[in-house]
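*Asks:* A predicted structure for the sequence below; I have some questions about it.
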Amino acid sequence: MAARLVKITLLGLVVAIAIWAAFPLAENHAWIGLGILVATTAGLLYLYLTRRHIPAKYLAPGTLLLVAFQVFPVLYTASTAFTNYGDGHRGSEEEAVVAIQTASVTQVPGSVQYALSIATTGDPATGPLVFLITDPATKTTKAGDAKGLKKLDPADVTVGVTGKVTAADGYTVLTAGQASLRSKEITALAVPVDGGAIRSSGLSRAYEGKAGRLYDKGCDCIRDTTTGKVWKADRRTGSFVAADGERLAQGWKVGVGFANFTRVVTDPDISGPFLRTLVWNFVFAIGSTGGTFLLGMFVAVALHSQRVRGRNLYRVLLVLPYAMPAFAMLLVWRDMFNKDFGLINNFFGIGVDWLGQPMTARIAVLLVQLWLGYPYMFLVTTGALQAIPGELSEASRIDGAGPWQSFRRIVLPLLMVALTPLLISSFAFNFNNFNAIYLTTEGGPFQPDNPANGATDLLITYTYRLAFGGSGAQYGYAAAISIFIFLIVGTISAIAFRRTRAQEEVYA
Amino acid sequence: MRWLKKVGWRHAVGLLAIVFSLGPILFVISAALNPLGTLSSSRLMPTGVSLDNFTKLLRDTNFGQWFLNSVIIAGTASGVAVFVSALAAYVFSRRRFRGRRTGLLSLLLIQMFPQFLAVVAIFLMFGAITDYWPAIGFNTWWGLVLLYLGGALGVGTWLMKGFFDTVPRELDESATVDGAGHAQVFFRILLPLVAPVLAVTGLLAFISTINEFIFANIFLTDSSAKTLSVGLWGLVAAEQRNTNFGMFCAGTLLTAIPTVLVFQLLQRYIVEGLTAGAVKG
Amino acid sequence: MRIRAVGVAAALTLALIAAGCGDKANKSDKSGNAAGASAGAKATGELVIWADDKRAAALKPFADKFGTENGVTVKIQAISKDQQTTFVTASQQGSGPDVTVGAHDWIGNLVQNGAIDPVQLSDTQKSGIAANALKAVTFNGQTYGVPYATENLALIRNTDLAPQAPATIEDLIGTGQKLVKDKKAAEILCLQVGQTGDAYHLYPLYSSAGGYLFGTTASGDYNPKDLGVGTPASVAAFKKIAALGEKGSGALKRSITSDNSISTFTGKKCAFLVSGPWAITDVKKAGIKYDITPVPGFAGGKPAQPFLGVQTFYVAAKGKNKALAQEFVTNYVTTPDLAVALYQAEPRPPALTAAFDQVKGTDPDLAKWQAAAKDAIPLPSIPEMAAIWDPFGKAEAAIVGGADPAKTIEAAGKTISGSINK
């Protein structure tokens, strides 16, 4: 009965959260979001009130979180592979037009800068906005709104020491706090005058500005107001291009089909060193996983005996490398490998240029991985060893098997059942272990004639350099490369995974 | 001689491992104690001993607050993650259902997508969430915890499933015959049996969360909301690398404390004894 | 079955109670909002500023002051890493700040992403800013931010070890080699290279040897179509640099990195350090007698030009409170007080002449930094610059390590032009 009560409370909580979440959605007319929310909640209620679908009951909480916070971001990212999304192409065409026009507004040569007060003829929070501007030279005051400027009678106006209007008949002057709440309107307000418009520069100054470039809807192009030069919208590349090939910096995001994928396949920078990088990537992932596993297991087995005193102390000390923030320790290790100043060369009195030669750099990163990762394997193996009944190996001892044999025949197979899935996932993690490389060697050392690909580069660090190293971030391209890598690793893992089936069935 | 063969080698292995483990940490300790606190002045043995770096760290930065944030976020996220992935591991290990292997494989594959690319999507998503529900949006603990929980099923499930597989099925089958429901089998029989792995998974989740950097950096921008890893990174960012190295090392050491404490706390479950009796049955 | 029905009923009840609570909470929330809106006089706009950790701390008191003076709330947020990309991404998704503080070479990228707005400064304000700093924040004829501090490389010299300022790099190496021979120092020169090179720190030598990165157009802007890397001039320059490398005099070494160059100098292991104002705090702390002079060039070469970097306040184009952001940046940052305070947090020469004059009396270094900046050129802010750093640096590291200059730098030039034209 207690269990039932817990269940009911939890379901009630789910409903309550759903209702809490529904209000903002409804208020903002986010009907799709609301629909998803209602469907999810209804699905959950059904799932936990029916007697069927037992596996789903256990999987639902994690799966929901997974879908929302991992699957969705990954799918979204993957979808950018079909676009030119990246620096210079992040928003929509409208956003690019706004950016171009705003960037082209310059002060009209020879015009004055006014002292500005923001005022309204109505309520401070909602009334129509008016700019009260004072010419610093003539001290004349004018009121301006979207319709134009109007001269004010000096008798109706009080001007403060800074030159700003502090009070005017018929207007309420807004305080900075009040004005700041209406920021969007203030920025948008342009008071038309001959030759341009008076705009605000903050809350206390106004200037007469003129947009140098304007968007023309008729030709879907940008036109320069002085030279008359025209940049036409090119929807294939997402940018405005002039007849002479000049391209405006502010572009927008467009779909490019499979262009990013063909680029990956045809780019000699990628296809050239790809195989070499892939091979090293496997060596690194297998070396990191295998090395840490072997060492971790060895130490765990060595310390797994009732007769070893001080096991707790051993364990705490051994786990320390894992407890330290990994990124900090990677930086420390990098310093330790320095040829002239590093601790390792100083300590052993040698002069190895660790990170300067391909082979030693590879050994170095693997060594760092071993140090960082073996406590993890040690912990996991220790946990696994606890779950294996000591009687099993004792029984085999009685049968005359030596300790090594009893370990190999009894303990190891059982350990592997528990750890194989973990090894696969550890392999997958290390295959893409960006920080391990990026914070130590940055992929180097590099061949003098090829700065794009280094001896310790993993596919992921290599992708990162290709996609973000050149002319700013190219997310679309990076996503395309990632999809390729994903397919490769995925296929390999799937094959490896199939092979675990035989093993699993023994205990299934 | 017999002792040497039986136990002595185990100590030898343990000691060697400790030397390997602690070498670089000793370097960090000496840098943290070194009053000059710069990099090349740090040797394996400290040249001078002072707690300057620690006091400076605690006085000049928000270290205490970062510490608290990290412990709360990592504690909550790892606690929930262990529970959620234990649930999943249970059915993956004990039930046979359609899509089981596909599910397991997908869990693995989804982990392989490079995280730094997902940052854009995370911004998009949490930007919207912040608009609708500021309580779980940017700059909140809850938002970050939720984001971390997205990965809860990932490695944890795999790890635990492996361990659930080692518990003989006869145990829960006999319980089912006795009339126990699936929930009872899970909560009453299996969970206590796999306590060590719950502890291990919890510890691992705690460590990876407390060290997480990419998302914490974009998520928590108020100085009082930062986590340890983000705050520490700020200390050595760009040109301040040399100046703050000693403080950074001091912070690194202090960061390890909660992890070691959690480990101490969970030791009891990880070490033998708890399960040995139960599995016998 | 009955029990289940009871369960459903109970769940519904609970849900309803919860709904009631939620509703109530929501209502009170709303009324709270309404109260806030009607009492408009008390409500305030919010200004969010992003900076790195150090500047965030220095800005805090001034932000608070601006807040109280104007009756608005100002929030300073520190972005510990990747501030520029985070800013662009966050802005695009609408969760960015109103103002961001960063180096001026971000401008090109920020503009192409439509992430910042130009600022309109009055002539008086413009004349109060150092000319080279103002030029640095000008991009395509527009002013894109308000500079508050400048920075450039110079030669910092341990005057106990080397009393005379070297006139040329050859002089410097002569003195350095003698010190090494006499065991007074371990290294000739502390100029950070590292395994992947450092284009910023190498540039004074590279320019003195006759190399350049981008040519300039008639209007004085950098021209991305005129790439100087990979040209015969750059090969000649790198041949001179190779002579300073590990296979040459050993003045440049890959083992001297961003992590250890300053500390090697403060540890009195080298007499010369090429670095910027950020190094001075450490040098003072170590109690070293020092002098700051321009980075020397090659004998008979062109002047050694360091890059001029300008720390700048930007108005975010997609900020929620642009009018207030404009007010803060154009009318508040341009006052000397803030610049002086930021100087005190970190001793970089203020870009506002009024602030510079105010602090130069107490800090003789400032004039020296300025003197070292005499030949400085603004760090290119065109987006194409992003393609330079990595390949150029790696070529530098390879050549310092003894690789063939011509082959290496031509390969780098090919990589750079390849990624610019993509």
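*Replies:* Perfect, thanks for sending it. Keep in mind that this is a model prediction, so the values were computed, not measured.
*Asks:* can you list the low-confidence ranges for chain B?
*Replies:* Within chain B, the ranges that satisfy pLDDT under 70 run B:1-4, B:36-48, B:155, B:237-243, B:268, B:270-281.
*Asks:* give me that answer again for 90
*Replies:* Applying pLDDT under 90 to chain B flags the ranges B:1-14, B:19-67, B:93-143, B:150-281.
*Asks:* in the stretch 101-250 of chain C, which ranges drop under the pLDDT threshold?
*Replies:* C:122-124, C:140-141, C:194-196, C:217-222, C:224-225.
*Asks:* all strands of it, in order?
*Replies:* C:116-117, C:138-139, C:142-143, C:146-152, C:154-158, C:214-216, C:222-227 (DSSP state E, counting those that start in this stretch).
*Asks:* what helices or strands is the longest one leaning on?
*Replies:* It refers to strand C:146-152. helix C:131-136, strand C:307-316, helix C:336-345, helix C:365-372 (3 or more CB pairs under 8 Å, 6 or more residues apart in numbering or on different chains; DSSP states H and E). Where C-beta positions appear, they are placed from N, C-alpha and C, glycine not excepted.
*Asks:* in TSV: those, plus distance to C:Val400.
*Replies:* Below are these laid out as TSV (distance: least, CB to CB, whole Å):
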stretch	distance to C:Val400
helix C:131-136	29
strand C:307-316	19
helix C:336-345	35
helix C:365-372	23
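*Asks:* tell me which of the ones you listed is the most buried.
*Replies:* Among the helices and strands packed on strand C:146-152, ranked by average contacts under mean count of other CB atoms under 10 Å in any protein chain shown, first place goes to strand C:307-316 (a mean of 25).
*Asks:* nearest spatial neighbour of C:Lys135, skipping sequence neighbours?
*Replies:* C:Pro378 (6.1 Å; CB to CB, 6 or more residues apart in numbering or on different chains).
*Asks:* got the contact list for the one you found?
*Replies:* Neighbour list for C:Pro378: C:104, C:132, C:135-136, C:307-308, C:310 [criterion: CB atoms under 8 Å, 6 or more residues apart in numbering or on different chains].
*Asks:* next: A:Asn338.
*Replies:* A:Asn338 neighbours (CB under 8 Å, 6+ apart): A:345, A:354-355, C:255, C:257, C:259-260.
*Asks:* can you lay out the strands of the stretch 101-250 of chain C as CSV showing mean neighbour count?
*Replies:* Output for the strands of the stretch 101-250 of chain C, formatted as CSV (neighbours: other CB atoms under 10 Å in any protein chain shown):
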stretch, mean neighbour count
strand C:116-117, 28
strand C:138-139, 20
strand C:142-143, 20
strand C:146-152, 27
strand C:154-158, 26
strand C:214-216, 15
strand C:222-227, 17
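*Asks:* could you export those as a markdown table, including distance to A:Val365?
*Replies:* Listed next are the strands of the stretch 101-250 of chain C as a markdown table, based on distance: least, CB to CB, whole Å:
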| stretch | distance to A:Val365 |
| --- | --- |
| strand C:116-117 | 39 |
| strand C:138-139 | 40 |
| strand C:142-143 | 46 |
| strand C:146-152 | 34 |
| strand C:154-158 | 34 |
| strand C:214-216 | 35 |
| strand C:222-227 | 33 |
